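Engineer: heads up, no residue letters with this:
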């Protein structure tokens, strides 16, 4: 298994532009999570899905952020319009059974200038 | 949700020495997970503890869940340069939602 696959690995964009981050979870995993990591705030859960349905989006910072999971093998996190304070590493993770840990992707390092 | 606090925030360790990092909660936890994140990497799942007083070992790493299930610890013996990274504890709440502590960043002096 290739693990959780995220793209792109790095993204540099100008303030105001739309940014789309992509994630392919491990096949068979029915939970998918989006986290953001910064030095100041650590690892923050933004949103998570179960069987492609959003369960908890209380961590989404504001309306500029949106996430979708159109099928079991693909999810996107979109920021529109992007702002410099959105600069962070965004991780996608997936899991299967409740007693197992999460498997994280390699992350997308986003820089908004 | 339930928050977990980790101490210390930073740990400088001489190679070959032992150290311990702690995870504390003001409320009883149903479980504790531990992750390791290497510099520039992503969190990697190490272990989950669920029972009061549970102790689990992975080579030089010893994980413990407190009797009251309000704290946990990770003890590393004979630290090596490969132990460099940030160690996170995390609590998985109902609905499979994982909340992370702030992490302990470990630096090893050769």
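Structural biologist: That came through, no problem. Nothing here was measured: the structure is a model prediction, and the numbers come from that model. Numbering: from 1, shown residues only, chains lettered A, B, ... in the order given.
Engineer: buried ones in stretch B:57-67?
Structural biologist: Residues of stretch B:57-67 classed as buried: B:61, B:62, B:63, B:64, B:65, B:66 (neighbour count, 16 or more other C-beta atoms under 10 Å in any protein chain shown). In short, each C-beta sits where N, CA and C put it, glycine included.
Engineer: ok, stretch A:64-81 next?
Structural biologist: Across stretch A:64-81, burial judged by 16+ other C-beta under 10 Å covers A:65, A:67, A:69, A:72, A:75, A:77, A:79.
Engineer: same deal with stretch B:85-97?
Structural biologist: Applying 16+ other C-beta under 10 Å to stretch B:85-97 flags B:85, B:86, B:87, B:88, B:89, B:90, B:91, B:92, B:96, B:97 as buried.
Engineer: starting at the chain centroid, how far to that stretch?
Structural biologist: Distance, stretch centre to chain centre, for stretch B:85-97: 10 Å (C-alpha atoms, centre = their mean, to the nearest Å).
Engineer: spatially nearest residue to the residue most central in space within chain A (excluding sequence neighbours)?
Structural biologist: Within chain A, the residue whose C-alpha comes closest to the C-alpha centroid is residue A:34; the distance, by C-alpha atoms, centre = their mean, is 3.3 Å. Of all residues beyond its chain neighbours, the one nearest residue A:34 is residue A:46 (4.5 Å), with distances taken as C-beta to C-beta, 6 or more residues apart in numbering or on different chains.
Engineer: and the one you found, how far is that from residue A:109?
Structural biologist: From residue A:46 over to residue A:109 the distance is 16 Å, taken as C-beta to C-beta, to the nearest Å.
Engineer: so which of these two has more stuff around it?
Structural biologist: Per other C-beta atoms under 10 Å in any protein chain shown, whichever of residue A:46 and residue A:109 has more neighbours is residue A:46, with 19 against 16.
Engineer: up against chain B, what does chain A have?
Structural biologist: A:31, A:33, A:42-43, A:45, A:48, A:50, A:55-56, A:91, A:93, A:95, A:98-107 (C-beta under 8 Å from any C-beta of the partner chain).
Engineer: in helices, which of those residues fall?
Structural biologist: With helices taken from DSSP state H, there is no overlap with the residues of chain A next to chain B.
Engineer: any of those residues buried? List them.
Structural biologist: Among the residues of chain A next to chain B, those buried by neighbour count (16+ other C-beta under 10 Å) are A:31, A:33, A:42-43, A:45, A:48, A:55-56, A:91, A:93, A:95, A:101-107.
Engineer: and the residue of chain A nearest chain B?
Structural biologist: residue A:101 (2.9 Å; C-beta to the nearest C-beta).
Engineer: ok, that residue - contacts?
Structural biologist: A:95, B:33, B:35, B:45, B:46, B:47, B:48 (C-beta atoms under 8 Å, 6 or more residues apart in numbering or on different chains).
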